[in-house]
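Engineer: Show me the folded form of this:
(one chain, ligands or ions: 2)
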Amino acid sequence: MEKKTVEAPKKTTYAFDVPWEQLLDEGGFMKVFLSEVLENYVQQQRWYGGKSSTLKYIELQEYFRIQQREEVYYGLLLEVNFEEAFFQHYFLPIAFVSDESFAEKDRILPVTIGGVEGFIIDAVNLEAFRRLVYERIATAEPNDTTRVRYHRSAIFEPGPYETSKFMGLEQSNTSIIINGRSVIKFFRRIYADKNPDYEMSRFLSERKGYKNTPAYQGSLSIMDADNANITIALMQELVPNQGDAWEFMLGELHKIFSNLEYKGIDAENLPNVELFQRLKIREVPPEIIDWAGLNIFLKLQKLAQRTAEMHIALGSEFEDTAFTPAHFNGDYEVWLKNRLLYMFQNRLNTVENNLHRLEGTTLELATEFLERKNEIRKRFVNFDWTKLKGERLRVHGDYHLGQVLVQGDDFYLLDFEGEPESTIRDRKVKQPPLKDIAGIFRSFHYAVYATIFNHEGEYPYSREALFRAGELLYRYFTGVFMETYVQLIQVHNIDIGYSAERIFLLKYCMLEKAVYELGYEMNSRPHWAVIPLEGIRSIINDKN
Ligand SMILES: Nc1ncnc2c1ncn2[C@@H]1O[C@H](COP(=O)(O)OP(=O)(O)O)[C@@H](O)[C@H]1O
Ligand SMILES: O=P(O)(O)O[C@H]1O[C@H](CO)[C@@H](O[C@H]2O[C@H](CO)[C@@H](O)[C@H](O)[C@H]2O)[C@H](O)[C@H]1O
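Structural biologist: Ligands and ions are numbered 1, 2, ... in the order given. A predicted model of the protein is given here:
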């Protein structure tokens, strides 16, 4: 890249008379850096997850060098402290650039270092930094035991660095595409442990040969002062795709709802089916196939197959105790109920405090949610481990259609980081695999309602008729998915319990997920809160 000369002198208030390579060893810089400027910068970032709390101050928890030969960048682990909430840690790699054209994005602080004026920026913006990280992973020693640890998978054959660019999607971390073939995801929110995304990716693809997730290629981690192994970045194969399954499903559902009018379907008299009844495609009534088309059911079968294969891989480990299957027990029951009752109370408070902002159907459903709180709480308390015979496994944990990539007629499963609100320890607790199934079923329900809401007025039927037709469709979708999933899981001896146990767990986990989603939506997109509220009502109205 051609170097531009900086025209106007920059107003740098701070000057440090040490070379960049020693800057952080000198306390003065950090005192300046951890100022309001950094606070403002951090709070504006897409990856910052503390937006609903009041930031008090930022401290430096750790720093380390990301280095190759003479080229040095710093990795900072920042501790963000809040007025009321628990602290959070974030990863911020920094670089010093004297050329303003390199500091067009993510400029943090103007400074003068060793007499040279320039800026501290987020290093991910520099191609040189991205190249360095790729090359360090690509050339990593098999057993790197240094503090800053690079790892390359034995099954990855790296080529020389060619190009890199931002993935450019709305995401909570920062992903960079390298050579059009690999993705390096820099985790932003950091936990004092191995990131589950790294653990699961490596386990599934490297150890179990599971093909429908991006292959693990390598990683960067650091050992902190307490000797905890902290994942900083994960490198995986780039999976060519036609978008995610959420977009795909919305497209399909719009066609299906449009078909009601187009095919002159009597939406009031479509055949019903029991919720979660296992269905082979040939058992789906012809009226439903005529309305929705065969293709969507074939796609659901494929997704169910890939999901079952993921759980089969996760349930087939007998050495590594982080993955060996477990049974239900009293400790699990106590952990589960505590967590859910806490989450439920949090949702009650959020809804109560924001009731005055809601209107229409959302207000109606929110009021009903508050009125029926004891009924919902009772459902959460009604969990008796002695009645459950199935297994618990490491699971995806945040499984929804947005975590699935579409590639032709197939699907790839992504992002095993777990539920964003849970602590890192909670995300690693073994759960019934049906928790993931509940997650994806909630996503089907979401997609049905999102389609109806997104196309308000476009389908010439009453809202009630569309809701009824949508609920029916959802029943057929879940029934067909269940049949393929359960059949495959059982053939591979993963014990998910007898039929009644499976249905109990599914309903339990779906209520958990819908209540979780209510909090997510109230905080991130309140106009969507109507969807989980509708979901909660439909789950608690089902008395079985
Ligand atoms: N290995 C990959 N191959 C292709 N696309 C990917 C890959 N990893 C991530 N993506 C794309 O980036 C999006 C965000 O990735 P994800 O792992 O969910 O990041 P985050 O944890 O930041 O939400 C995905 O929905 C997908 O579209
Ligand atoms: O950002 P993540 O992918 O980790 O997940 C969070 O955001 C999701 C929304 O992007 C949210 O998912 C909810 O909305 C989806 C539609 O946008 C829907 O398919 C999911 O079923 C629903 O849970 C997810 O809950 C949240 O953790």
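
Engineer: Domain map for this protein?
Structural biologist: Domains of the chain are assigned by automatic domain parsing as 14-123, 129-237, 240-324+389-495, 329-387+498-544.

Engineer: Take these and lay them out in a markdown table including distance to ligand 2.
Structural biologist: The C-beta positions use only the backbone N, C-alpha and C, and glycine is treated the same way. Formatted as a markdown table, these follow (distance: least, C-beta to the nearest ligand atom, whole Å):
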| stretch | distance to ligand 2 |
| --- | --- |
| domain 14-123 | 10 |
| domain 129-237 | 6 |
| domain 240-324+389-495 | 3 |
| domain 329-387+498-544 | 5 |
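
Engineer: Take those domains and lay them out in a markdown table including mean neighbour count and mean pLDDT.
Structural biologist: Converted to a markdown table, the domains of the chain look like this (neighbours: other C-beta atoms under 10 Å; pLDDT from 0 to 100):
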| stretch | mean neighbour count | mean pLDDT |
| --- | --- | --- |
| domain 14-123 | 16 | 92 |
| domain 129-237 | 18 | 94 |
| domain 240-324+389-495 | 18 | 96 |
| domain 329-387+498-544 | 16 | 95 |
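
Engineer: and the one helix or strand Ile58 maps to, which strands flank it?
Structural biologist: Element membership of Ile58, judged by DSSP states H and E, is strand 55-68. Here strand 55-68 is paired, per DSSP bridges, with strand 71-82 (antiparallel).

Engineer: any idea of the angle the next helix or strand after the strand it pairs with forms with strand 55-68?
Structural biologist: Remark: after strand 71-82, the chain's next helix or strand is strand 88-97, criterion DSSP H and E. Orientation of strand 88-97 against strand 55-68 (axes from the mean of the first three to the mean of the last three C-alpha atoms, to 10 degrees) gives an angle of 50 degrees.

Engineer: Tell me the helix or strand right after strand 88-97.
Structural biologist: Strand 88-97 is succeeded, C-terminally, by strand 107-113 (DSSP H and E).

Engineer: what secondary structure does Ser221 sit in?
Structural biologist: strand (DSSP: H, G, I helix; E, B strand; the rest coil).

Engineer: Now do the same contact list for the residue of the stretch 351-500 of the chain found nearest ligand 1.
Structural biologist: Going by C-beta to the nearest ligand atom, ligand 1 is nearest to Asp415 of the stretch 351-500 of the chain, at 3.4 Å. Neighbour list for Asp415: Asp197, Asp398, Gln403 [criterion: C-beta atoms under 8 Å, 6 or more residues apart in numbering].

Engineer: again, but for Leu370
Structural biologist: Counting by C-beta under 8 Å, 6+ apart, Leu370 makes contact with Leu348, Val351, Glu352, Leu355.

Engineer: Need phi/psi at it.
Structural biologist: Torsion angles at Leu370 (phi, psi; degrees, to the nearest 10) stand at phi -70, psi -40.

Engineer: hmm, back to that, rebuild the contacts of Leu370 as CSV, extending it with distance to Thr231 and secondary structure.
Structural biologist: Formatted as CSV, these follow (distance: C-beta to C-beta, whole Å; DSSP: H, G, I helix; E, B strand; the rest coil):
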residue, distance to Thr231, secondary structure
Leu348, 35, helix
Val351, 35, helix
Glu352, 38, helix
Leu355, 40, helix
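
Engineer: Nearest to Glu534 among the residues you listed?
Structural biologist: Glu534 lies nearest to Val351 out of these, by C-beta to C-beta, at 14.0 Å.

Engineer: thought the closest one was touching Gly519?
Structural biologist: No: counting by C-beta atoms under 8 Å, Gly519 is not a contact partner of Val351; they are 9.1 Å apart.

Engineer: As a check, name the ranges of all helices in the stretch 101-250 of the chain.
Structural biologist: Assigned by DSSP state H, counting those that start in this stretch, the helices in the stretch 101-250 of the chain fall at 127-138, 196-201, 245-262.

Engineer: Reformat these as CSV; add distance to Val97.
Structural biologist: Formatted as CSV, the helices of the stretch 101-250 of the chain follow (distance: least, C-beta to C-beta, whole Å):
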stretch, distance to Val97
helix 127-138, 10
helix 196-201, 30
helix 245-262, 37
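
Engineer: So which of these is nearest ligand 1?
Structural biologist: In terms of C-beta to the nearest ligand atom, the element of the helices of the stretch 101-250 of the chain nearest to ligand 1 is helix 196-201, at 7.0 Å.

Engineer: what does the chain have sitting close to ligand 1?
Structural biologist: 167, 169, 171-173, 175, 183, 185, 214, 236-239, 241, 244, 405, 414-415, 417 (C-beta under 6 Å from any ligand atom).

Engineer: which ones among the residues you listed are found in strands?
Structural biologist: Ser175, Val183, Lys185, Gln236, Glu237, Leu405 (DSSP state E).

Engineer: Quick check: the last one vs Arg202, distance?
Structural biologist: Meaning Leu405. Applying C-beta to C-beta, to the nearest Å, the value for Leu405 to Arg202 is 19 Å.

Engineer: now do the fourth one
Structural biologist: Gln236 sits 10 Å away from Arg202 when distances are taken as C-beta to C-beta.

Engineer: Equivalent analysis for the fifth one, please.
Structural biologist: Using C-beta to C-beta, Glu237 is found at 13 Å from Arg202.

Engineer: cool, and Phe156?
Structural biologist: 11 Å.

Engineer: what do those two both touch?
Structural biologist: In contact with both Phe156 and Arg202: Tyr216, using C-beta under 8 Å, 6+ apart.

Engineer: Identify all contacting residues around stretch 473-488.
Structural biologist: Here stretch 473-488 makes contact (C-beta under 8 Å, 6+ apart) with 253, 256, 272-281, 284, 288, 292, 296-297, 300-301, 303-305, 307-309, 312, 437, 440-441, 444-445, 448, 496, 502.

Engineer: Mind checking which of these land in helices?
Structural biologist: 253, 256, 288, 292, 296-297, 300-301, 303-305, 307-309, 312, 437, 440-441, 444-445, 448, 502 (DSSP state H).
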